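Undergrad: What follows is a predicted structure for the sequence shown.
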Amino acid sequence: MLGVLLLVFLLMILYIWIMEQHRYWVRKNMISRKVVPIFGDFFLVLLGKESFNDLLFRIYKKFHYARYIGGYRLLTPILVVRSPEIIKQISVKEFGSFMDHMRLFPENKGDLFSKNLSQLKGQNWRNMRSILSPVFTSSKMKGMFVLINHNSQSFVQHFLDRDHHTIEVQFKDTFRRYCSDVIANTVFGLDINSLNDRGNEFYVMAKNASNFSSFRRKFVFFLYYLSPFISKMFRISFTSGEEQSFFVNFVKDTISLREDNNIKRQDILGFLLQMRKQHNEINDESEITKSQKSQRIESDLTEMDITALLFSFYLAGVDSTSDGMCFLAHELALNPEIQKKLIEEIDRNRSDSVVVSHETISKMPYLDMVISELHRKWPINVATDRVVTKPYTIQPELPNEKALHLDIGTNIVIPIYPIHHDPKYYEEPDKFDPERFAPENKKNIHPFTYMPFGIGPRHCIASRFVVLVMKSVFFYLLSHFEIVTVEKTKKLLKMNKKSLSLTSEGNFDLGLKKRR
Ligand code: HEM
């Protein structure tokens, strides 16, 4: 009897504690909102009945009069910021108070997920960002463009070799393989063609290691969001041993091969090795002080660090870039007049014998407008986030607002997709209209309402790279083919509710019709 009473008492305390977690924003003077106990705003998302983007967009539209909205990711309070002015404060002006991202993965030193730039915090992030930024400068991109073009040409050749007038293509798989090859080539230094060699070990291992839809991975996520403490205590990790050893050995062997044979290659592994060598040479100089020395050694990279960094680029880059390409192929097939204009520009800039140069592709205004509008209408990362790293107060401006004091650790969500689809900022937001980015119209875009690659010092480090890859593959593809709808094409796309990013259900079935 005493035991039952004790259990009831403990359950009551737990219930009161849970309800108290969901009163966080009320205690911060915000109006009370109904949310589901334990799950907060994420109940339907966890059931797979609503996508994360649908949830954000629903809240964004419902509170159209507000500058920000308090919500809950399970028990964790999150602040969804609607106002571009506050977004500017958070991401640029007061960056020092909002430096970090929320942790997505459990922190396990020495595994494939351990050196993900987006997950590093404070000074560790600053150090790593300053090591990696030189890798993505426009001069380095020029060198890497040669590798990207090689992949784009092999990709198009795969279809040119087929003797059909119109080829039906499942673009999701096809572009994923292409993007995986580009990252293998430009990041890991491996030249493969996953459209021809479909079962190659790199593609299979990397696909498995970056697949978040398995039950085990979902469980790890759920547990981590519910209690990072429990997750850390039991050292619960995402990575399987097989995938981890594949990447560790692959990078180790490649480094040895390059160092033994003095091979220099214009890929990200090559740049990192070059930088590591320079750091070591400086560290060896006797005249530097002890503290300078230790600072430099701190930023030195082990082979495991390099492996985890390269893998983090695969993780950040392959699905996002290939999903973006699928949406672009879809828009071009459905908007033949836009495709025609783009093909005309490509034809003016192409020559049969020469590979397109970085300079030429960077000076194609319509291609640039099309890619910009793609990222406006279909921002793959539907939101980004920041964590409060120094206490900050949002001053009241609207009649119903009071000063909002943000504590260290508060999670802030910046709703990219909802802002890109707000008719206040973009007329007819569902229309694919590259003219929005024509030089004469671009200046009318409200600041901080276009952020497909995020904003401020923490913006996507690879945005230039992504744009180049997209430009290159569509340049070669449209040089030879027109993208057309086929019988299986779904004109109205159905979004995948289970994905955190913007991706559609199904295959993106389209046709490639030979132009000549
Ligand atoms: C269509 C493709 C892509 C999109 C839409 C995209 C978008 C984004 C966004 C929105 C962020 C957060 C920025 C912020 O919070 O301000 C981000 C961060 C990041 N992205 Fe991308 N990304 C793409 C492809 C890539 C690729 C190909 C790579 C690597 C090769 C990459 C590497 C990163 C990294 C490392 C960060 C973290 C930056 C930091 O925290 O300092 N992304 N990306």
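TA: Arrived safely.
Undergrad: Any idea which residue of the chain lies closest to the ligand?
TA: In the chain, the residue found nearest to the ligand is residue 454; the distance is 2.1 Å by Cβ to the nearest ligand atom. Bear in mind the C-beta positions are built from the backbone N, C-alpha and C, glycine included.
Undergrad: Setting aside sequence neighbours, what's the nearest residue to that residue?
TA: Setting aside the residues directly before and after it, residue 454 is nearest to residue 384 in space (Cβ to Cβ, 6 or more residues apart in numbering), at 4.8 Å.
Undergrad: and if you look at residue 51?
TA: Nearest to residue 51 is residue 497, by Cβ to Cβ, 6+ apart, at 4.3 Å.
Undergrad: Could I get the contacting residues of that neighbour?
TA: The neighbours of residue 497, taking Cβ atoms under 8 Å, 6 or more residues apart in numbering as the test, are 48, 49, 50, 51, 54.
Undergrad: so how far is residue 405 from the second one?
TA: Right, the one you point to is residue 49. Using Cβ to Cβ, to the nearest Å, residue 49 is found at 35 Å from residue 405.
Undergrad: got it, and the last one?
TA: From residue 54 over to residue 405 the distance is 31 Å, taken as Cβ to Cβ.
Undergrad: Show me which of those two is the more surrounded one.
TA: residue 54 (16 against 12; other Cβ atoms under 10 Å).
Undergrad: Compute the number of surrounding residues for residue 430.
TA: If we define neighbours as other Cβ under 10 Å, then residue 430 has 9 of them.
Undergrad: quick one, what contacts it?
TA: 377, 421.
Undergrad: so it sits in a strand?
TA: No. Secondary structure of residue 430 (DSSP: H, G, I helix; E, B strand; the rest coil): coil, not part of a strand.
Undergrad: got the contact list for the spatially most central residue of the chain?
TA: Central residue of the chain (Cα atoms, centre = their mean): residue 316, 5.0 Å from the mean position. Residue 316 makes contacts with 116, 118, 460, 462, as judged by Cβ under 8 Å, 6+ apart.
Undergrad: returning to that earlier point: isn't the residue of the chain closest to the ligand right next to residue 379, touching?
TA: No. Taking Cβ atoms under 8 Å as the definition, residue 454 is not a contact partner of residue 379, at 9.8 Å.
Undergrad: Compare these two and say which one has the larger neighbour count.
TA: Comparing residue 454 with residue 379 by other Cβ under 10 Å, the one with more neighbours is residue 379, at 27 against 22.
Undergrad: Quick check: closest non-adjacent residue to that one.
TA: residue 452 (4.3 Å).
Undergrad: And residue 203, by the same measure?
TA: Spatial nearest neighbour of residue 203, chain neighbours left out: residue 194 (4.6 Å); criterion: Cβ to Cβ, 6+ apart.
Undergrad: Equivalent analysis for residue 114, please.
TA: Using Cβ to Cβ, 6+ apart and skipping residues adjacent in sequence, the residue nearest residue 114 is residue 308, 5.1 Å away.
Undergrad: Can you get me a residue count around the one you found?
TA: Neighbour tally, residue 308, other Cβ under 10 Å: 25.
Undergrad: show me what contacts it?
TA: Here residue 308 is in contact with 111, 112, 113, 114, 115, 116 (criterion: Cβ under 8 Å, 6+ apart).
Undergrad: for the second one, helix, strand, or coil?
TA: Secondary structure of residue 112, reduced to three states by three-state DSSP: coil.
Undergrad: who's in contact with it?
TA: 209, 238, 239, 243, 244, 247, 307, 308, 311.
Undergrad: Go ahead and confirm the third one touches residue 205.
TA: No. The pair formed by residue 239 and residue 205 falls short of the contact definition of Cβ under 8 Å, at 11.2 Å.
Undergrad: Quick check: closest non-adjacent residue to residue 491.
TA: residue 334 (6.4 Å).
Undergrad: Can you name the residues of the stretch 351-500 of the chain sitting close to the ligand?
TA: Taking Cβ under 6 Å from any ligand atom as the contact definition, the stretch 351-500 of the chain meets the ligand at 380-381, 384, 452-455, 458-462, 465-466.
Undergrad: Can you name the residues of this structure that neighbour the ligand?
TA: Counting by Cβ under 6 Å from any ligand atom, the chain sits next to the ligand at 117-118, 129, 313, 316-317, 320-321, 324, 380-381, 384, 452-455, 458-462, 465-466.
Undergrad: Restricted to strands, list those.
TA: Judged by DSSP state E, strands contain the following of those: residue 384.
Undergrad: Just the ones of the residues of the chain next to the ligand in helices?
TA: Residues of the residues of the chain next to the ligand located in helices (DSSP state H): 129, 313, 316, 317, 320, 321, 324, 465, 466.
Undergrad: Pick out the most distant pair among these.
TA: Farthest apart among these by Cβ to Cβ are 129 and 324. That separation is 23.3 Å.
Undergrad: These two: which has the busier surroundings?
TA: For residue 129 versus residue 324, the count of surrounding residues by other Cβ under 10 Å is larger for residue 324: 25 against 14.
Undergrad: how close does that one sit to residue 215?
TA: 28 Å.
Undergrad: same deal with residue 44?
TA: According to Cβ to Cβ, residue 44 stands 20 Å off from residue 215.
Undergrad: Look at the two and report which has more neighbours.
TA: Taking neighbours as other Cβ under 10 Å, residue 44 and residue 215 compare with residue 44 leading, 16 against 7.
Undergrad: Wait, a strand at residue 412?
TA: Yes. Counting by three-state DSSP, residue 412 is found in a strand.
Undergrad: The residue lying closest to it once chain neighbours are set aside: how many residues sit nearby?
TA: In space, residue 412 comes closest to residue 386 once its chain neighbours are excluded; the distance is 4.6 Å by Cβ to Cβ, 6+ apart. For residue 386, the neighbour count with other Cβ under 10 Å is 27.
Undergrad: Tell me which residues are up against the strand or helix carrying residue 386.
TA: Element membership of residue 386, judged by DSSP states H and E, is strand 384-387. If you take Cβ under 8 Å, 6+ apart as the criterion, strand 384-387 is touched by 78, 90-91, 98-102, 409-414, 416, 451, 454-455, 458.
Undergrad: Show the secondary-structure elements that the helix or strand harbouring residue 224 is packed against.
TA: For residue 224, the host element (DSSP H and E) is helix 215-226. For helix 215-226, the packing partners by 3 or more Cβ pairs under 8 Å, 6 or more residues apart in numbering; DSSP states H and E come out as helix 228-233.
Undergrad: what mean pLDDT would you report for the helix it packs on?
TA: Helix 228-233 shows a mean pLDDT of 69.
Undergrad: Now do residue 138: how many residues are near it, please.
TA: 10.
Undergrad: Return the residues in contact with it.
TA: residue 464.
Undergrad: same thing with residue 31?
TA: With contacts defined as Cβ under 8 Å, 6+ apart, residue 31 is in contact with no residue.
Undergrad: Then residue 38 would be within a strand, right?
TA: No. Under three-state DSSP, residue 38 sits outside any strand and is assigned coil.
Undergrad: coming back round to it: distance of the residue nearest to residue 114 from residue 301?
TA: 10 Å.
Undergrad: And for residue 485?
TA: 48 Å.
Undergrad: More neighbours: those two, which one.
TA: residue 301 (18 against 15).
Undergrad: Check which helix or strand that one maps to.
TA: In the assignment (DSSP H and E), residue 301 maps to no helix and no strand.
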